[in-house]
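Here is a sequence together with a model predicted from it:
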Amino acid sequence: MLKLRGAALAVLTFVLFPSSSLAAPVRAPQHAPAAERRAMLLREIPTQAKLIAFTFDDGPNQRYTPQVLELLRKYHAHATFFVIGQEVVRFPAMIKTIEAAGMEVGNHGMHHKWLHKLTPGEVRQEITAGADAITAAGGKKPYLYRLAGGFESEAAAKLLGRLGYTMVGWSVDPRDWRMGASADSIEQIIMRDAEPGHIVIMHDGSIHREPTITALRHVLPALEAKGYQIVSVGELLQRSDYATLRELAPKPCSKKAKTVHKAKPAAPRSWIERLRPSARTPAGRQAS
Ligand SMILES: [Zn+2]
């Protein structure tokens, strides 16, 4: 059973439409003009199934991405890789390698720029160039976006919505981005915070990732022993309790999800939160 805890009541953020007041009723997505549609920001995805999504940011990386893939393969686990366009340009072959392994590729921007600091034109460039790098490398057109640094912005949410993206935050941050992070601390945080429907953020790019790899080697079998299945964000969407979220999953796979779960009309109101204009709140807790 999913727990909604304390300050994390907004774990699942539905970023829907602009309204003049916080008390204004939230309208159904299908009734809004495309120009007003904002991308949803998902920090976790409610599901009765014992599933956890793993995500890896800032790659692809020639050294660490293959090690992550090997471990995921060993434990029949899947994940979503939020890649940076400029790294894709450096290691284009990795995109097909990731997708051929049954994993999912998401957009993490072209240069890992913080979108709230950019002009609308620069925001568009960061998003579209990142997507173009993925497709130019032979990858599928991305539909998931992770904000660099986790920083939201009104302009980015609107543009990502118009471009058909869903923004993916996180609910488990083992802080492997921190200088001096140890494999033990990464492992402990994941095992402490793991719950069905949660989204774990880790990193396979940028600086040295030995602690992340070592932690992964331990947490995958540990979570498996607890009955968890590690999946990509897309797979978690497919298995969500809510039709609204299942509809965000890639279409070829959503058919399977419909056969497994009964549709519910919409997510409860308590899981709906407006994106604050000019908010600079990280999409999860800290850096991405
Ligand atoms: Zn990042």
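Structure's in. What do you need?

Report the buried residues of stretch 111-128.
Buried residues in stretch 111-128, defined by neighbour count with 16 or more other CB atoms under 10 Å: 112-116, 118, 123-127. Every C-beta, even on glycine, is put in place using the N, C-alpha and C of the backbone.

What is the nearest of those to V219?
Nearest to V219 among these is H112, at 25.4 Å by CB to CB.

The stretch 101-250 of the chain: strands as residue ranges?
Counting by DSSP state E, counting those that start in this stretch, the stretch 101-250 of the chain has these strands, from start to end: 104-107, 144-145, 166-168, 199-203, 229-231.

Nearest to the ion, out of those?
strand 199-203 (6.9 Å; CB to the ion).

just to revisit the earlier point, make JSON lines from the buried residues of stretch 111-128 and add distance to A77 to it.
Shown next, in JSON lines, are the buried residues of stretch 111-128 (distance: CB to CB, whole Å):
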{"residue": "H112", "distance to A77": "25"}
{"residue": "K113", "distance to A77": "30"}
{"residue": "W114", "distance to A77": "30"}
{"residue": "L115", "distance to A77": "30"}
{"residue": "H116", "distance to A77": "33"}
{"residue": "L118", "distance to A77": "35"}
{"residue": "V123", "distance to A77": "33"}
{"residue": "R124", "distance to A77": "34"}
{"residue": "Q125", "distance to A77": "34"}
{"residue": "E126", "distance to A77": "30"}
{"residue": "I127", "distance to A77": "28"}
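
Now do the same contact list for H203.
Residues near H203 by CB atoms under 8 Å, 6 or more residues apart in numbering: 56-59, 176-177, 209, 212.

partner residues bridging the residue nearest the centre of the chain?
Nearest to the geometric centre of the chain sits V168, at 3.2 Å (CA atoms, centre = their mean). Legend: beta-bridge partners of V168 under DSSP bridges are L42.

Spit out the contact partners of it.
V168 sits next to 41-42, 55, 80, 82, 106, 144-146, 199, 233, 283 when contact means CB under 8 Å, 6+ apart.

where exactly do the helices run in the protein?
For the chain, the helices defined by DSSP state H occupy 64-74, 85-90, 93-100, 120-136, 154-162, 183-193, 210-225, 233-238, 243-246, 251-260.

Which among the ones you listed is found nearest to the ion?
Closest approach to the ion among the helices of the chain is made by helix 85-90 (10.3 Å; CB to the ion).

and the closest one, which residues are buried?
Neighbour counts using 16+ other CB under 10 Å place 85, 87-88 of helix 85-90 among the buried residues.

thinking again about what came up before, tell me which of the helices of the chain sits most buried.
helix 233-238 (a mean of 26; mean count of other CB atoms under 10 Å).

Mind giving me the packing neighbours of it?
Applying 3 or more CB pairs under 8 Å, 6 or more residues apart in numbering; DSSP states H and E, one finds that helix 233-238 contacts strand 51-57, strand 104-107, helix 243-246, helix 251-260.

Dump the second one to PDB, restricted to CA.
Listed next in PDB are the C-alpha coordinates belonging to strand 104-107 (Å, rounded to 0.1, in the frame of the first residue of the first chain):
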ATOM      1  CA  GLU A 104      14.300   3.200 -21.700                       C
ATOM      2  CA  VAL A 105      16.000   6.500 -22.700                       C
ATOM      3  CA  GLY A 106      14.700   9.900 -21.500                       C
ATOM      4  CA  ASN A 107      15.800  13.400 -22.200                       C
END
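
and it, what does it pack onto?
Helices and strands touching strand 104-107, by 3+ CB pairs under 8 Å, 6+ apart, are strand 80-83, helix 93-100, helix 120-136, strand 144-145, helix 233-238.

what do you get if the cut-off is 7 Å, keeping everything else the same?
Helices and strands touching strand 104-107, by 3 or more CB pairs under 7 Å, 6 or more residues apart in numbering; DSSP states H and E, are strand 80-83, helix 93-100, helix 120-136, strand 144-145.

Out of these, the one nearest L216 is which?
Closest approach to L216 among the helices and strands packed on strand 104-107 is made by strand 80-83 (13.3 Å; CB to CB).

looking at the helices and strands packed on strand 104-107, which is closest to P221?
Proximity to P221 (CB to CB) singles out strand 80-83 among these, at 20.7 Å.
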